[in-house]
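Asks: next comes the sequence, and after it the predicted model I'd like to discuss.
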Protein chains: 4
Amino acid sequence: MPPAHPFDDDKLKEECGIFGVVGVADAANFVALGLHALQHRGQEAGGIVVHDAEQGFNSARRFGYVRDNFTSHSVMKTLPGPIGIGHVRYSTAGSKGATAIRDVQPFFGEFSMGGAAIAHNGNITNADALRRDLIERGSIFQSSSDSECIIHLMARSMQRNIPERMKDALRSVEGAFSVVAMTRTKLIGVRDPLGVRPLVLGRLGEGWALSSETCALDIIGADFVREIEPGEMVVITENGVESHRPFEQKPSRFCIFEHVYFSRPDSIIGGRSVYETRRQIGVELARETPVEADLVCPVPDSGTPAAIGYSQESGIPYAMGIIRNQYMGRTFIEPSEQIRNMGVRLKLNVNRALIRGKRVILVDDSVVRGTTSRKIKEMILDAGAKEVHFRIASPPTMWPCFYGVDTPEREKLLAATMSEEEMRKHLGVNSLKFISLDGLYRAVGEANGRDAKAPQYCDACFSGEYPVRPADMIAKGFELKAAE
Amino acid sequence: MPPAHPFDDDKLKEECGIFGVVGVADAANFVALGLHALQHRGQEAGGIVVHDAEQGFNSARRFGYVRDNFTSHSVMKTLPGPIGIGHVRYSTAGSKGATAIRDVQPFFGEFSMGGAAIAHNGNITNADALRRDLIERGSIFQSSSDSECIIHLMARSMQRNIPERMKDALRSVEGAFSVVAMTRTKLIGVRDPLGVRPLVLGRLGEGWALSSETCALDIIGADFVREIEPGEMVVITENGVESHRPFEQKPSRFCIFEHVYFSRPDSIIGGRSVYETRRQIGVELARETPVEADLVCPVPDSGTPAAIGYSQESGIPYAMGIIRNQYMGRTFIEPSEQIRNMGVRLKLNVNRALIRGKRVILVDDSVVRGTTSRKIKEMILDAGAKEVHFRIASPPTMWPCFYGVDTPEREKLLAATMSEEEMRKHLGVNSLKFISLDGLYRAVGEANGRDAKAPQYCDACFSGEYPVRPADMIAKGFELKAAE
Amino acid sequence: MPPAHPFDDDKLKEECGIFGVVGVADAANFVALGLHALQHRGQEAGGIVVHDAEQGFNSARRFGYVRDNFTSHSVMKTLPGPIGIGHVRYSTAGSKGATAIRDVQPFFGEFSMGGAAIAHNGNITNADALRRDLIERGSIFQSSSDSECIIHLMARSMQRNIPERMKDALRSVEGAFSVVAMTRTKLIGVRDPLGVRPLVLGRLGEGWALSSETCALDIIGADFVREIEPGEMVVITENGVESHRPFEQKPSRFCIFEHVYFSRPDSIIGGRSVYETRRQIGVELARETPVEADLVCPVPDSGTPAAIGYSQESGIPYAMGIIRNQYMGRTFIEPSEQIRNMGVRLKLNVNRALIRGKRVILVDDSVVRGTTSRKIKEMILDAGAKEVHFRIASPPTMWPCFYGVDTPEREKLLAATMSEEEMRKHLGVNSLKFISLDGLYRAVGEANGRDAKAPQYCDACFSGEYPVRPADMIAKGFELKAAE
Amino acid sequence: MPPAHPFDDDKLKEECGIFGVVGVADAANFVALGLHALQHRGQEAGGIVVHDAEQGFNSARRFGYVRDNFTSHSVMKTLPGPIGIGHVRYSTAGSKGATAIRDVQPFFGEFSMGGAAIAHNGNITNADALRRDLIERGSIFQSSSDSECIIHLMARSMQRNIPERMKDALRSVEGAFSVVAMTRTKLIGVRDPLGVRPLVLGRLGEGWALSSETCALDIIGADFVREIEPGEMVVITENGVESHRPFEQKPSRFCIFEHVYFSRPDSIIGGRSVYETRRQIGVELARETPVEADLVCPVPDSGTPAAIGYSQESGIPYAMGIIRNQYMGRTFIEPSEQIRNMGVRLKLNVNRALIRGKRVILVDDSVVRGTTSRKIKEMILDAGAKEVHFRIASPPTMWPCFYGVDTPEREKLLAATMSEEEMRKHLGVNSLKFISLDGLYRAVGEANGRDAKAPQYCDACFSGEYPVRPADMIAKGFELKAAE
């Protein structure tokens, strides 16, 4: 259930993880460790920027895993200093061709009062318009990343210091953003007014850390202090943490999918272990969608906690019916036509001796395109299962996310084009059930379920109700859900 | 619970996996897939040899994972032909300095009647004596691997064909060996008279496969036919399988640790899923060593099936209290003194919100040096657990293995120097219990437990009763257990 | 005598080569070949930008040689289109720490009327002031390269098309610059008003090429058309070449050191082979500084043409007394303290059997720090030479260049701190003579030598007379030669 | 004129260079330097073996240049000890497919009295027969290299020490061989009875060195002591040099092509600089084949010394009419169909301004297939030369070499199938002349030319008179020159 997914092509993907520290010796080491712990939020590339009193700003950006790029002495010695920020990323779905290394954050800008670096998790929904305007006025963009807008907006600001310039810049920006930034001496963290994306604060000896998730505080031995609040900016120096409120106050709309899938199970959100929340989703799922069966099996690894919960609530034994190959990397190239079709076997194997003749409940976290679910069903039936019942730990995914998550176009989402019964037939299983939206809200701690008038979370991928208008996408022809 | 272990330094390690196919187009592709599925048996290096009617024998040997070395078109196109064998390996404990690529199997020899390649899983216990004699008579060894003896013995044989030469050679050899070999047209498999190491036969369309485990048959879509029997040699051509019995018949002594840890949970041994056997060990363990607690947590990933069994038998809820970082590779180099001590955090994290205030049963597959067990206990206590109870799914490991498994010297085995109570204190836990040897035998299917006069398995690592005399080691001073 | 120098640390170094083509299929292939031919002008890194109607702008920038980076199909296929420019560079002396890949040209900017890329050979002498002003007004610099100013000045221009914006930009710029630039359809070339750095125009079938030197036209099979004139801008499309004159007209001041050392011997400047000019320098040198001796030996490879000329004029036999190791790369790392001092032997060897007992004239192109000259003298004496006479094919190098050439600080130039006799003693040779400035002017074709009132070339490195005021350097404390 | 050749495909190629040292700290460093100086004798791969009292034998073998493989601390630290040998090689023409790393020398064998390593320059002309016999008797060959026979013959010897075993082995061997070998304490050098291939002895402080050429003594600062004599074996320890004479005495037949092309110009053979010998060949060539012309131009770089001699003898000015691109590596891959034909321009460029309208004498060292000569002629004519006269510094190459030189099959040698006039027409030049065999002998110091009854050199490539019968080749169908 940890965050490497055998079927990356059939999952929603968080696009970024961010991390920063100040007030520690060799900050880059801590940033590298933090990014390593956040690798599940972005596996394509990573970058680190640091500042040192003598050597100034230095940075390194690389494609590939943190463990492969930011561990050698030859790289790390080029990143001295007591303050640093970092970023891990997936490639953006919309970019033409391959991502260039210049698209890898953090971005850096030299202003008249000194340099600043910035790393961003989320998505700017009015970036096209901002970019067009900035170019018109003489800004030179170096990347295809929308996040670069923030740096140019800061460069244009007339404010005298960098935190104030950042406030100016972010007030022009629409969308979901958690930002970690740094000047020569200050570590800055911001969450957008709705708090869609996560950001937490930690204490590390005499220093401080900012991170997308608490699991990255654990790895460096930092204590979790609190979540940065929606709409809050913190400016941290070695002397302490200042809190600012640059935006108009709004009710929070945290991304509910962080609970379902994105965050690591050992992270803590809202005071509760993500693992425990997911197990609770399994419990709710068992209550809502019971079925007679012999075994409850997770689709590894993301379905595991919900499968445990389902088993515990239903009393049907939990079993590892599908085994993942731990040595599967992203580099395996199927070597010939002949065996190209066995792709799935490279990653998963069914525990045949266990499954044969059994009625199996398969618990997965979500269904996106459905391509993987079909393949897994086939493997299970090939192995001799008598019945296959899919239970999904989230409601049907029917709408794309525009807030920093890589989702297919709407037409490719299985649930956007089929009813539940059509999906069941399409997948060829004995039954297929999803948790209800209310059930999911209960599992994440809202005893009364979803407040339809003022939803407590961002659940646009399920409900089609977008808390921030996706202006650029609408300009490109995206149609919002018709008002009911 | 699949086979990548966060604490490789504190586990017994199977030293090799072997695989071969004949009668298929592009045999090398199948061998690569098979080795990928056997990667848990040897992560350091891999090699493939093939034969093609036009291009003759070709081979490739590389350090690193199969997925990284044997997938590119540029490598695989150099390996044409319908017959091939392969090998994955750990480094041998005894070799001085780094392993050279020339130590990577399969080994190849050109005889007067043509070439042959051979790959070996196991260990030759009289290799030193054989080697000395062969050098005296003018053989040039190219590797430090004992397995090379077999090729030289074959070169010295007066027999007219390669299978007969191999019989000659293997009759001189003592120890544990499963061998896969090939000539231009024949695929050959052999198990030693006691059948210590595994070897299975599969059918792949019109062709045949030999593999250490059934999981590698699954990945290529081959059907499991049967296990090669102890003391059997099979000679396979496109026309079929011939069975030979070159050795004197003896009662089987299969390695019981294959059940405990070495084999993949989705492999089938003796008609039963390895996963199910391990779950059953957990059931026996719960019966033998009950304790009051709030949660049963596996030490990931190898303790998982036994933890599930323990939970099911005891009724204490199963929970993922320890989370593994999926992006941990073997290449992470801790970047500074300052954080070197946090090694364990790079690999594992405790689910703090779950563990706090709880009485936790930790289920692990074995205790070797005990170094890891101590660290895990500390992490669990740091996270606020109220009590920690270790339950181990194998008896105390007290003797080194000389049959192809990498074990520390006897003095470094915790159980060789301490009583169970001393170990408990050393580890600093509330209780520590191992499954009994009889309990283990029951779990693997021997309803009456171990037959002390004629043990059904090789369990030398627990009992000190070595079914084949370790001649070379005794010559180097190793002392057998005193007769009782 | 081609342009790879065994003692790169003791030579002035041209900092850049530039190249561009339009109107050809797969422009990038031609750019790569052109840059390969210009590699002597910059060995550290290279970059190529192309434009394709469908795929837009694409670029690749790499450290290392062109032949290693821009030849594989995997790279070149990412660079489609009929128009492209490229750049090779040395690292800039002034940059702190290692050059980042973002400092590698061409630079690219997206303007409201479309993108443009620009590559620059030379140096902007008021870059600091320009940069400060641009940052103040909100421009974000992405590199430490002064050349990036041009792109930002263009972005700020109010002109409606890119050539006009470039004129605006270059009118603000002081210094020496030859520029190759491109839009989606236009290839643009500019030389500064004094024409300090070279730029030539070639015809390639239906297309056109711009290049620092003619040798790069030869490699692609293009015909040399003419030199771009000082102060001229050419705008080339598939339809032909438009000539513009954006700057005030001034007398030309071409860099005389291009004749002495920078350009390749097979290039043509001012209608004459550079090789022939250098041979002529040797002839003048023999006339001005005769000496009795047995052999004339070049310091390989840059001293070779002048040594041939010296031999022909003096009648003293020419001989290869020093042999270069052709396999010397820049990657040889002396492996131990013990042999670190034999550095020079890795690169050169004296032809001992030839030199022993001889009076040897050594001809070199220039003396910068003098460190190499000392080592060579020692090698020659160790080999048993009776006398060593240095003859230098340029006047004493006494002033740094601020126009795109990497020179040491003034204090490190041997001739800036010593008289000729002091230098002779310092080097420990029997005689040391330099060609006179007038002799050099005669050799390059000025029959009456140098016009002291209006020098025909830029010879600031010898004379201290800087044709463009080095404003940034003066601001940093550099002192011009006192008026006489 | 150093030894990297722009047209490797049209030259005879020496196949190996060998080097060894004893009695120095960190022998591997010296071996690496020596091999670097011998790189022209073999560019494909290199290997080093060393012995250290504590660490035993260690080795490293790599494809590519010495400077790229044997310079990093990480490699060199694995090669400790005061004694070592090394080898550089071209690929053997006869090997099927790509050379494997196991074919890279030195070869190593473990004998009952200890290990030995051996490196070989030359060719064993009865290797096929030896190999067949050894395999029959149970030897396992690890390489396709004939040189491995020597190690197996040594293993079969009944002698008590390694030098005696080597004598036994080499007495069975026919062909040309210079050998450098080592035991734990002894450095051994041997030349075959005819002394076809070179080997020299040097003194390095308290230690000793063996090398193919003296230029490799120069690079490590060793003094040249003497040549190893034909048929001599030297056994060197820290205590000194013992000389043995294991073979029947015969008149020497040193390879005359070492003078023409193989050896480095700064090496000394027979007391005279190779450069000077080549210059003298040019002098003889001018005497034998005069022609009226304006310029004498070398084909770079191997024609340079002879061109200098030709110019000096004829009085026609020497000029660099063809310029080599110094940045040409072997890795340049022509990127597209369109420019594939410009291959030669990647490597060479004609100095057009110099050549136009001139009568040009081109001096080259040899003509093998003639493919390159044609291309160069075309370039010269394209550049506007009025006449082209080829002068070749060796007689027509009409026979393949079987003594360690890579030559094409006889039918591909231009001079084997055409008369001189036919060759002239084929090449399309105004005249084509070769030095006579007598002229060549005079130039290398035989005042009376070649002794037809007892030639002083091996000149089989010119004369077809093979001093050692090429038994394996005759068995494969090669026909010797008919007796006259």
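Replies: Ah, there it is. Numbers count the residues shown, from 1 in each chain, chains lettered A, B, ... in the order given.

Asks: test my guess that residue A:236 contacts residue A:187.
Replies: Yes. Under the criterion of C-beta atoms under 8 Å, residue A:236 makes contact with residue A:187 at 4.4 Å. In short, each C-beta sits where N, CA and C put it, glycine included.

Asks: identify the contacts common to the two.
Replies: A:22, A:208, A:210 (C-beta atoms under 8 Å, 6 or more residues apart in numbering or on different chains).

Asks: TSV for these, including secondary structure?
Replies: Output for the shared contacts of residue A:236 and residue A:187, formatted as TSV (DSSP: H, G, I helix; E, B strand; the rest coil):
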residue	secondary structure
A:22	strand
A:208	strand
A:210	strand
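
Asks: what subset of the residues you listed is buried?
Replies: Buried positions within those, assessed by neighbour count (16 or more other C-beta atoms under 10 Å in any protein chain shown), are A:22, A:208, A:210.

Asks: which of these sits closest to residue C:116?
Replies: The nearest member of these to residue C:116, counting by C-beta to C-beta, is residue A:210 at 38.6 Å.

Asks: surely the closest one meets residue A:228?
Replies: Yes. In terms of C-beta under 8 Å, residue A:210 counts as a neighbour of residue A:228; the distance is 7.3 Å.

Asks: what's near enough to touch residue A:12?
Replies: Contacts of residue A:12 were listed using C-beta under 8 Å, 6+ apart, and they are A:257, A:261, A:262, A:366, A:368, A:397, A:401, A:405, A:406, A:407, A:461.

Asks: closest to chain D among those?
Replies: The shortest approach to chain D among the contacts of residue A:12 belongs to residue A:406, at 34.4 Å (C-beta to the nearest C-beta).

Asks: so that closest one makes contact with residue A:10?
Replies: No. Look at residue A:406 against residue A:10 with C-beta under 8 Å: they stay out of range, at 11.9 Å.

Asks: and the helix or strand hosting residue A:438, anywhere near chain B?
Replies: Taking DSSP states H and E as the definition, one finds residue A:438 inside helix A:437-443. No. Helix A:437-443 lies out of reach of chain B by C-beta under 8 Å from any C-beta of the partner chain, never closer than 15.3 Å.

Asks: and the residue lying closest to residue A:101 once chain neighbours are set aside, what pLDDT?
Replies: Excluding the flanking residues, the one nearest residue A:101 by C-beta to C-beta, 6 or more residues apart in numbering or on different chains is residue A:61, at 5.6 Å. Residue A:61 carries a pLDDT value of 92.

Asks: which elements pack onto the one helix or strand residue A:61 maps to?
Replies: Element membership for residue A:61, per DSSP H and E: strand A:56-63. Strand A:56-63 makes packing contacts with strand A:45-52, helix A:66-69, strand A:114-124 when contacts are defined by 3 or more C-beta pairs under 8 Å, 6 or more residues apart in numbering or on different chains; DSSP states H and E.

Asks: neighbour-wise, give me the winner out of the contacts of residue A:12.
Replies: Neighbour counts for the contacts of residue A:12 (other C-beta atoms under 10 Å in any protein chain shown) peak at residue A:461, which has 28 neighbours.

Asks: how far away is it from chain B?
Replies: Taking C-beta to the nearest C-beta, to the nearest Å as the measure, residue A:461 falls 24 Å from chain B.

Asks: pretty sure that residue sits in a helix.
Replies: Yes. Counting by three-state DSSP, residue A:461 is found in a helix.

Asks: list the contacts of it.
Replies: Going by C-beta under 8 Å, 6+ apart, residue A:461 touches A:12, A:257, A:397, A:398, A:399, A:400, A:401, A:405, A:407.

Asks: show me the two of those that sit farthest apart.
Replies: Most distant of those, by C-beta to C-beta, are A:398 and A:405, 14.1 Å apart.

Asks: so for the lengthiest helix in chain A, what's the average pLDDT?
Replies: Assignment by DSSP state H gives helix A:274-288 as the longest helix of chain A. In this model, helix A:274-288 carries a mean pLDDT of 98.

Asks: check which residues of the helix or strand just after that helix are buried.
Replies: With elements assigned by DSSP H and E, the helix or strand that comes after helix A:274-288 is strand A:295-298. For strand A:295-298, the neighbour count (16+ other C-beta under 10 Å) marks A:295, A:296, A:297, A:298 as buried.

Asks: and which of the contacts of residue A:461 is nearest chain B?
Replies: Within these, proximity to chain B (C-beta to the nearest C-beta) peaks at residue A:12, which comes in at 17.6 Å.

Asks: low-confidence ranges in the stretch 1-150 of chain A?
Replies: Within the stretch 1-150 of chain A, the stretches with pLDDT under 70 are A:1-9, A:91-99.

Asks: can you list the residues of it near chain C?
Replies: A:55-56, A:58, A:78, A:96-98, A:101-102, A:109-112, A:135-142.

Asks: could you measure residue A:268 against chain C, distance?
Replies: From residue A:268 to chain C the distance is 37 Å (C-beta to the nearest C-beta).

Asks: burial count for the residue nearest to that residue when sequence neighbours are not counted?
Replies: Distances taken as C-beta to C-beta, 6+ apart place residue A:214 nearest to residue A:268, at 4.7 Å, with adjacent residues excluded. Applying other C-beta under 10 Å, we find 26 other residues in the vicinity of residue A:214.

Asks: wait, residue A:214 touches residue A:267, no?
Replies: Yes. Counting by C-beta under 8 Å, residue A:214 does reach residue A:267; the two are 4.7 Å apart.

Asks: on the three-state scheme, residue A:165 is what?
Replies: Three-state assignment for residue A:165 (three-state DSSP): helix.

Asks: quick one: contacts for it?
Replies: A:111, A:154, A:157, A:159.

Asks: just the buried ones from these, in PyMOL syntax?
Replies: Typed into PyMOL, the line below selects the buried ones among the contacts of residue A:165, using 16+ other C-beta under 10 Å:
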select buried, chain A and resi 111+154+157
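
Asks: could the contacts of residue A:165 go into JSON lines alongside secondary structure and distance to residue B:350?
Replies: Formatted as JSON lines, those follow (DSSP: H, G, I helix; E, B strand; the rest coil; distance: C-beta to C-beta, whole Å):
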{"residue": "A:111", "secondary structure": "strand", "distance to residue B:350": "43"}
{"residue": "A:154", "secondary structure": "helix", "distance to residue B:350": "40"}
{"residue": "A:157", "secondary structure": "coil", "distance to residue B:350": "44"}
{"residue": "A:159", "secondary structure": "coil", "distance to residue B:350": "44"}
